[in-house]
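**Q** After the sequence you'll find the predicted model.
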Amino acid sequence: MLTSKGKIIVIPCTLGEESNHKLFPIYNFNLILKLTHFVVENEKTARKFIKSLLPEKSQQELTIFTFDKHNNHSVSNEIINLLLKGIDFGIISEAGMPGIADPGSSLIIEAHKNNIKIETLIGPSSIFLALVSSGLNGQKFMFHGYLPKDKIELKKEIASIQNLSLKDKSAHIFMETPYRNNQLLDNVLALCNSSFLLCIACEITLENEFIKTQSINDWKKNKPDLNKKPTIFILQA
C-alpha cells in the first residue's frame, strides 16, 4: 500500500511576546494540536510559542528540527524524506509569517518539487499590516527586506528605490535589525528627498504600537526613538 505524503503547515507566529493570541482563528489551534513535527528558526522560542497557544500540549512529544541559512540543505533533505513517508510538519518563523525574510522559503520550494502540499494558516504579517495601515500604494509595492549595511551600498540602494518610486509612485518596504533601526532612519532622512512619504510602523499588534505616515521633512522635525523596537519602513514618492 502506498503511503500518502505528509504536508507542510505554514504557521504564523505572534509579532512579539505581548501580541494577542486572538489574532489566530480557532482552526489554527486545532491543527497545531494534532502536529508532532515542526521545523523552526529557533527551538526555544518556537516551543515557547506552542506552549503559549496550547499549554496542554506535551512538549515531550514534539520532534523539532532547527532550520536556518547555515544548515538548510542537510536538514531539508531529512524533512522531505519524512514528509514523503506521510509525516505532517508545521513550520514556524521567529515572528510573523514563515517564508518572508525567512529561511523557511527554501524548504517550501523543495516541497513543491516533490509535489508535497503546502497549507498556510491565517495570521499576522508585519509587512502587510504595515502596508495596509500606511495609506501608501497597495496596488504596486516592493519588499526589499534588509537594506545593505555598507554606507556606499546603502546610498545606492536608497537612490534606486527613490528612482523606482518616482517613476510609478510604488511603495517600497524594508526593515532592519531592531538595534540598528535608529541608524537606518538617520540614513533614510539624510538621503531621501524631503517631499517623499515615509511610513514608520513600529511594534505592530503590541501594546505600544505606533504607525504613522508623513513626509521626510516632517519626520526630521520629530524623529522617534526606534531602538530595539521591531519596525517596518515604507517609502514612496
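**A** Received, thanks.
**Q** Now do the buried residues in stretch 227-237.
**A** Along stretch 227-237, the positions that meet the burial threshold by neighbour count (16 or more other C-beta atoms under 10 Å) are 229-237. (Each C-beta comes from the backbone N, C-alpha and C, glycine too.)
**Q** Give me the subset of the residues you listed lying in strands.
**A** In strands, defined here by DSSP state E, the members of the buried residues of stretch 227-237 are 231-236.
**Q** CSV for the residues you listed, including pLDDT and distance to L35?
**A** Shown next, in CSV, are those (pLDDT from 0 to 100; distance: C-beta to C-beta, whole Å):
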residue, pLDDT, distance to L35
T231, 97, 31
I232, 97, 29
F233, 98, 34
I234, 98, 34
L235, 98, 39
Q236, 98, 40
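**Q** If we only consider those, which is nearest to F67?
**A** Comparing those against F67 with C-beta to C-beta picks out I232 as the nearest, at 23.7 Å.
**Q** is it true that that closest one touches I173?
**A** Yes. I232 sits in contact with I173 when judged by C-beta atoms under 8 Å, with a separation of 6.4 Å.
**Q** okay, and the common contacts of the two?
**A** In the contact map built from C-beta atoms under 8 Å, 6 or more residues apart in numbering, the residues linked to both I232 and I173 are 127, 130.
**Q** my guess is I8 meets N114, correct?
**A** No. Judged on C-beta under 8 Å, I8 makes no contact with N114 at a distance of 10.5 Å.
**Q** which of these two has more neighbours?
**A** Here I8 and N114 are set side by side on neighbour count (other C-beta atoms under 10 Å), and the busier one is I8, at 25 against 11.
**Q** In its sheet, which strands sit next to the helix or strand harbouring the more buried one, and in what direction?
**A** Secondary structure from DSSP states H and E places I8 in strand 7-11. Each strand pairing with strand 7-11, determined using DSSP bridges, is listed with its direction: strand 89-92 (parallel), strand 117-120 (parallel).
**Q** For the nearest residue to G123 once chain neighbours are set aside, grab phi and psi.
**A** Ranked by C-beta to C-beta, 6 or more residues apart in numbering and with sequence neighbours excluded, the top spatial neighbour of G123 is P12, at 2.4 Å. With angles defined as degrees, to the nearest 10, P12 shows backbone torsions of phi -70, psi 150.
**Q** Tell me who's in contact with P12.
**A** For P12, counting by C-beta under 8 Å, 6+ apart, the contacting residues are 24, 28, 96-98, 121-125.
**Q** Which strands or helices does the worst-scoring helix or strand of the chain on mean pLDDT pack on?
**A** Within the chain, judged by mean pLDDT, DSSP states H and E, the helix or strand with the poorest mean is helix 72-84; its value is a mean of 84. Contact analysis of helix 72-84 by 3 or more C-beta pairs under 8 Å, 6 or more residues apart in numbering; DSSP states H and E lists strand 37-40, strand 63-66, strand 89-92, helix 104-113 as its packing neighbours.
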